[in-house]
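Undergrad: Can you look at this prediction? I've put the sequence above it.
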Amino acid sequence: MKIGIPKAMLYYKYNVLWETFFTELGCEIILSENTNKKILNNGIIYSADESCLASKIYMGHIFSLIGKCDYIFIPRFCSFKNNDIICVKFNAFYDICSNVFDNINILTYDVDYLRGKSEFCGFLDMGKKLGASYMKTLRAYLIAKKKYKKQYKINVNNQNLFLEKSKKEDKLNILVVSHPYIVYDELLGKPIIIYLKKLNANLIYANVVDKKYIKNGWKNFSKTVYWEGSKELLSGLNNYLDSVDGIIFISVFTCGPDSLVNELCTRKLKEKACLNLILDELNSDTGIQTRLESFTDVLNDKKRIVLYG
Ligand code: SF4
């Protein structure tokens, strides 16, 4: 059985969980390519104009998988254990894709704790649909979950070690506040990350943060933040704030949650230099690079003044 997984959106968060689960069930995984211009252009064709750029890219990935696998994997997320809500796009993809694309076989699971739908039950249902026994599915899920948690801890530990090392270096430490599907995407965040590294900056990622900080860390910015993804990023921001020279927010046009939350942060963070980048379909690399150069110049000047007066 071939399962097509779009390399976009929550793939960047749950890739280990999903890939391990399907592999343990004996499925072959067909991953879509890294985001490229063709994927983006097809995504634009199959999306409503007002959709955010990240969701347009997702549609392009789905289109690229059609005809290459038995099922295309499109999970549906709505609410989580602690009643957190996720951006409505993640609730809608299943329905949007089944309406927009003809003849696609979709494999899905629902996470909606407010309506009694847990991740565990969702994975059991998927196993059943794929013809696996209850015990085999249970085993696959437990192995996948363990591996996912282990990888999460490794990522957090690696970042903490990197941060300790980078504090001793004479380089800029910059915190990148962006959803994983933006910052790690080949077309969206990757060129920015590569350019910042060329400018000699050490990069810390707000999305890589110990789960224990996610409970309350975000409350220092606003007690009424609504979305799970925003809470996670704000908790990372709160955790790493004192260890960095500056902060770059990267979001996409027309993201509602980020337009509110990032604006709120830049207003509150008076002591730290912030750069707010909003990517759209027409962005030019040169325009972005000029802004990154100016920002790192400002940070370098500030650092020199603090060190040498
Ligand atoms: S949070 Fe923003 S970028 Fe992410 S899916 Fe929702 S609207 Fe798009």
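TA: Looks like it arrived, so ask away. Only a predicted model underlies this, so the values are computations on that prediction, with no experimental measurement involved. Numbering: from 1, shown residues only.

Undergrad: For the rest of this, base every contact and every neighbour count on C-alpha atoms.
TA: OK.

Undergrad: And the most centrally placed residue in the chain, how far from the ligand?
TA: The C-alpha lying nearest the average C-alpha coordinate of the chain belongs to residue 180 (CA atoms, centre = their mean; 2.3 Å). Distance from residue 180 to the ligand, counting by CA to the nearest ligand atom, to the nearest Å: 10 Å.

Undergrad: May I ask which helix or strand of this protein has the lowest mean pLDDT?
TA: None of the helices or strands of the chain scores lower by mean pLDDT, DSSP states H and E than helix 211-214, at a mean of 86.

Undergrad: Looking at this structure, what residue ends up closest to the ligand?
TA: residue 255 (3.8 Å; CA to the nearest ligand atom).

Undergrad: burial measure for that residue, as a count.
TA: 17 (other CA atoms under 10 Å).

Undergrad: how about it, what does it touch?
TA: The neighbours of residue 255, taking CA atoms under 8 Å, 6 or more residues apart in numbering as the test, are 52-53.

Undergrad: try it again with 6 Å
TA: With contacts defined as CA atoms under 6 Å, 6 or more residues apart in numbering, residue 255 is in contact with residue 52.

Undergrad: Can you dump the C-alpha atoms of the one helix or strand residue 191 maps to in CSV for me?
TA: Residue 191 belongs to helix 190-198 when assigned by DSSP states H and E. Below are the C-alpha coordinates for helix 190-198, written out as CSV (Å, rounded to 0.1, in the frame of the first residue of the first chain):
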residue,chain,number,x,y,z
LYS,A,190,15.0,28.1,3.7
PRO,A,191,16.4,30.9,1.6
ILE,A,192,16.1,33.3,4.5
ILE,A,193,17.8,30.9,6.9
ILE,A,194,20.7,30.3,4.4
TYR,A,195,21.1,34.1,3.9
LEU,A,196,21.2,34.8,7.6
LYS,A,197,23.8,32.1,8.1
LYS,A,198,25.9,33.8,5.3
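
Undergrad: what's the distance between the residue nearest to the centre of the chain and residue 269?
TA: 22 Å (CA to CA, to the nearest Å).

Undergrad: Residue 9 too?
TA: In terms of CA to CA, residue 9 sits 28 Å off from residue 269.
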